[in-house]
Each structure stands twice: as C-alpha cells, then as structure tokens.
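1. give me a 3D structure for the following:
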Amino acid sequence: MDKNYKAVMIKPQDNVATALELIPASAEVTITCQDKRISVKVQKDIEFGHKFALTLIPKEAKIIKYGEVIGRAIEEIEPGAHVHLHNIEGIRGRGDQVGINQ
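-> All right, here's what the predicted structure looks like:
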C-alpha cells in the first residue's frame, strides 16, 4: 500500500509545498489547498521542513510559499524538485528589489 506523505501548501497561489516528514525520491505527493489539488512526484529525497516545486517554475519567477514571495528562481525548477539555496535567491530586504513583492 502506498503511503500518503504529508506536506503543506497554505495558499492556492503557492508554487512550492513544505514537507512535514521525510519524503523519499520518486514518492507521489498529493496536496489539497482550498479547491486546488496537486499531485507531484518528488525527484529526490525531501527532508522535513524543506520545499519542493508543485509546478514548473521558470527561471526568474517568484517563489511563493504561504502566500508570500520568498525568493526568485535562478534556474528553471521542475515539478517535484527540491527548492533551496541551490536554485533560488532571496529577495527580501534587498534595496535593489523594491516592489518585487507586489
């Protein structure tokens, strides 16, 4: 029997989810947020508390977690890929990024 792995997506506009437990590579995760339901196969192990892409995130696109912009993709991020320091840059508190969260 397949396990239902736990992850959280707070707002329907989020393009990442956060693992609430270790999710092993190739596991299928289904997340429901309001009336939005997404299923994605993770590409590599996702540790507790880490993020993974729910959809294709183009290079330069905003990373949205809990309804807030937390960064920008520095490369294209495939669905199910680990989203972390290797593929995003933070934009909060940067003077050169004024208005980026709007």
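2. how about the most centrally placed residue in the chain: what's its closest non-neighbour residue?
-> Nearest to the mean C-alpha position of the chain, by Cα atoms, centre = their mean, lies residue 16 at 1.8 Å. Of all residues not flanking residue 16 in the chain, residue 51 sits nearest, at 4.3 Å (Cβ to Cβ, 6 or more residues apart in numbering). Bear in mind the C-beta positions are built from the backbone N, C-alpha and C, glycine included.
3. quick one: residues contacting the one you found.
-> 16-19, 63, 65, 82-84 (Cβ atoms under 8 Å, 6 or more residues apart in numbering).
4. cool, and residue 46?
-> 7, 19, 22-23, 52, 82.
5. how about the strands in the protein?
-> Per DSSP state E, the chain carries strands over the ranges 7-8, 16-19, 28-33, 36-41, 51-53, 62-65, 68-73, 82-83, 88-89.
6. hang on, the earlier thing: which single one of the contacts of residue 46 is nearest to residue 36?
-> residue 7 (13.6 Å; Cβ to Cβ).
7. how near is the closest one to residue 42?
-> 9 Å (Cβ to Cβ, to the nearest Å).
8. what do these two both touch?
-> Counting by Cβ under 8 Å, 6+ apart, the common neighbours of residue 7 and residue 42 are 23, 29, 52.
9. okay, now the first one: neighbour count?
-> Other residues lying near residue 23 total 24 when counted by other Cβ atoms under 10 Å.
10. is it in a bridge, and if so with what?
-> residue 46 (DSSP bridges).
11. wouldn't it be in contact with residue 29 here?
-> Yes: counting by Cβ atoms under 8 Å, residue 23 touches residue 29, with 6.1 Å between them.
12. what's the overlap in contacts for those two?
-> Counting by Cβ under 8 Å, 6+ apart, the residues touching both residue 23 and residue 29 are 5, 7, 42, 52.
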